[in-house]
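[1] fold the following, please.
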Amino acid sequence: MRIPAPNLAVFPGIEGNLEGIDEVRLEIQIDSPKVALDAVFNIEELRRRIEATLKRSTLIVNPVAAQALVVGVYVEPRDFPLSTVQNQVIVFFVSTALREVGKLTRTQLGQSPKPTEKIVDSWRHKGLRGFTPLKTPAKKLGSILFAEVDLQVDEFIAAWRRDSMVADFMPPSPSPLDPLAGLRCLRIPLGSVELASEEKTETITIVNPPPGVNSTIEVKFKRPVTAELYAEVCGPSAIIDGMQPLMTSSAQGAAAEVKLTTIAADPVTAAPAFRTEFLSRITKAAAPSAVTPSVFLEANRVMGEWKWLQ
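    Residues are numbered from 1 along each chain as shown. You can find the predicted model right below:
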C-alpha cells in the first residue's frame with residue numbers, strides 16, 4: 001500500500017447565518033504535541049495574515065468582540081499496522097468556526113423546559129482532514145496548512161458577504177475553490193545579492209630534496225558568496241496557473257520595495273512585509289480572489305571558487 005502525499009478528506013460544515021455580524025475576535029488554536037511546526041508555521045505571522053484578510057473585507061477585528069472566529073490546526077504523527085515502510089504518517093486537521101454564546105432550551109424528563117446559555121459554533125467551515133507521509137518536508141507540510149487556513153478564512157468572508165448582503169460596496173468573491181483541486185507552488189526568482197566573501201588559510205608543505213629540510217608556508221584563499229533569492233507562492237492550481245505573469249511581476253516589485261538586502265539578511269523576518277506588499281499589488285491589478293495564496297521567502301547561498309590571494 002503506497003500512501004499518496006497528501007490524502008485529503010472534506011467533512012460537513014454548519015451552514016449558519018452570519019447576518020448582523022460586523023466584528024469578530026480571532027482565536028488560533030494549534031495542537032501539535034509531537035511535530036515541531038515553529039520553523040514553518042509561525043502563529044504570530046498566521047495571526048497577522050488572518051487579521052489583514054479580515055480587515056480587507058471591512059470586518060472589524062476586536063479582541064473583546066462577543067463572537068470569535070476560531071481557527072484550529074491539529075497535527076500528529078501516527079503509526080498504522082501496515083507491512084510497508086510508509087506506515088508512519090502525519091495526520092492533520094484544519095477547522096474554522098464562528099463561536100459565540102447561544103441560548104438553548106433543555107428539557108429533562110418530568111421537568112419544565114429550562115433555558116440556558118452555552119458556547120456554540122453558530123457557523124463552521126466544512127473543514128479538512130488528511131494525512132501525508134512522515135518524511136514529507138516540513139516546508140511542504142507548512143504550505144498545505146497555510147493554504148488551507150487561508151482558504152477557510154476566505155470562505156468565511158464569502159459566507160459573511162452573502163448573508164450580510166455587503167456585495168453592494170465590495171466585489172463578491174468567486175465561488176469557493178475545491179481544496180482537493182491540488183496544491184501548486186510557483187517559485188519566482190527575485191534577484192541576487194553579493195554577501196561578504198569567505199576567506200581561509202591553508203598550510204602548504206614544501207618538500208625539498210635530500211638532504212634539504214621540508215618547509216611550510218601559509219597561503220590565503222578567498223571565494224565570493226552570493227545569495228540567490230526566491231519567493232514561493234502556493235495555492236490551488238486554478239489560481240496559481242491562471243495568474244503566473246501577475247504573480248511574478250508582483251513578487252519582483254514587492255522584493256524591490258522591501259529591498260533585496262533585507263530579504264537576504266533574514267528571509268523569515270522580511271516575509272510579513274513582503275507578503276503584505278505582494279498581496280497589495282495582486283489586489284490592485286486583479287479582482288479579489290476567493291483564496292489568498294501562501295507566500296514564503298528563500299535565500300540560497302551560492303559559493304564561488306576558492307582563489308589564491310597573492
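[2] now do the longest helix along the chain, average pLDDT.
    Using DSSP state H, we find that the single longest helix of the chain is helix 138-164. On average, the pLDDT along helix 138-164 is 82.
[3] that helix: how far from the chain's middle?
    Between the centre of helix 138-164 and the centre of its chain there are 10 Å (C-alpha atoms, centre = their mean, to the nearest Å).
[4] same check, this time on stretch 54-69
    21 Å.
[5] okay, how far is it across that stretch, tip to tip?
    Stretch 54-69 has an end-to-end distance of 10 Å (C-alpha to C-alpha, to the nearest Å).
[6] which residues of this structure fall in strands?
    Assigned by DSSP state E, the strands in the chain fall at 7-10, 23-31, 60-61, 68-79, 88-106, 114-124, 128-133, 183-206, 215-236, 294-303, 307-308.
[7] name the residues that touch the fourth one?
    Judged by C-beta atoms under 8 Å, 6 or more residues apart in numbering, the contacts made with strand 68-79 from elsewhere in the structure are 24-35, 37, 41, 46, 50, 54, 87-100, 121, 131, 134, 141, 145, 149, 152-153, 156. Where you see a C-beta, it was placed from the backbone N, CA and C, and this is true even at glycine.
[8] I90 against L141, yeah?
    Yes: counting by C-beta atoms under 8 Å, I90 does reach L141; the two are 6.7 Å apart.
[9] which residues do these two both contact?
    Common neighbours of I90 and L141 (C-beta under 8 Å, 6+ apart) are V75, T132.
[10] picking up where we left off before, deepest-packed of the strands of the chain, please.
    Most buried of the strands of the chain, by mean neighbour count (mean count of other C-beta atoms under 10 Å): strand 128-133, with a mean of 20.
[11] which elements pack onto it?
    The contact analysis (3 or more C-beta pairs under 8 Å, 6 or more residues apart in numbering; DSSP states H and E) places strand 128-133 against strand 7-10, strand 88-106, helix 138-164.
[12] where are the low-confidence patches of the stretch 201-310 of the chain?
    Scanning the stretch 201-310 of the chain for pLDDT under 70 picks out 211-212, 287-292, 310.
[13] mind checking how far I239 is from R184?
    8 Å (C-beta to C-beta, to the nearest Å).
[14] what does E117 give?
    45 Å.
[15] likewise V295?
    14 Å.
[16] shared neighbours, the two?
    Common neighbours of V295 and R184 (C-beta under 8 Å, 6+ apart) are C234.
[17] which residues does R184 bridge with?
    Listed by DSSP bridges, the beta-bridge partners for R184 are G235.
[18] and it, what is it in contact with?
    Contacts of R184 by C-beta under 8 Å, 6+ apart are C234, G235, P236, S237, I240, D241.
[19] any chance of the residues you listed in a markdown table with distance to R301 as columns?
    Listed next are the contacts of R184 as a markdown table, based on distance: C-beta to C-beta, whole Å:
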| residue | distance to R301 |
| --- | --- |
| C234 | 23 |
| G235 | 28 |
| P236 | 32 |
| S237 | 31 |
| I240 | 27 |
| D241 | 31 |
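[20] now, which of the residues you listed sits nearest W308?
    C234 (44.3 Å; C-beta to C-beta).
[21] the longest helix of the chain vs strand 114-124, what angle?
    Going by axes from the mean of the first three to the mean of the last three C-alpha atoms, to 10 degrees, helix 138-164 is angled at 120 degrees with respect to strand 114-124.
[22] tell me how far E44 lies from V268.
    For E44, the distance to V268 - C-beta to C-beta - is 11 Å.
[23] looking at the two, which has the bigger crowd around it?
    V268 (14 against 9; other C-beta atoms under 10 Å).
[24] show me how the chain divides into domains.
    Domain assignment of the chain by automatic domain parsing yields the ranges 7-179, 183-192+225-308.
[25] now render these as CSV, adding distance to E202.
    Below are the domains of the chain laid out as CSV (distance: least, C-beta to C-beta, whole Å):
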stretch, distance to E202
domain 7-179, 35
domain 183-192+225-308, 9
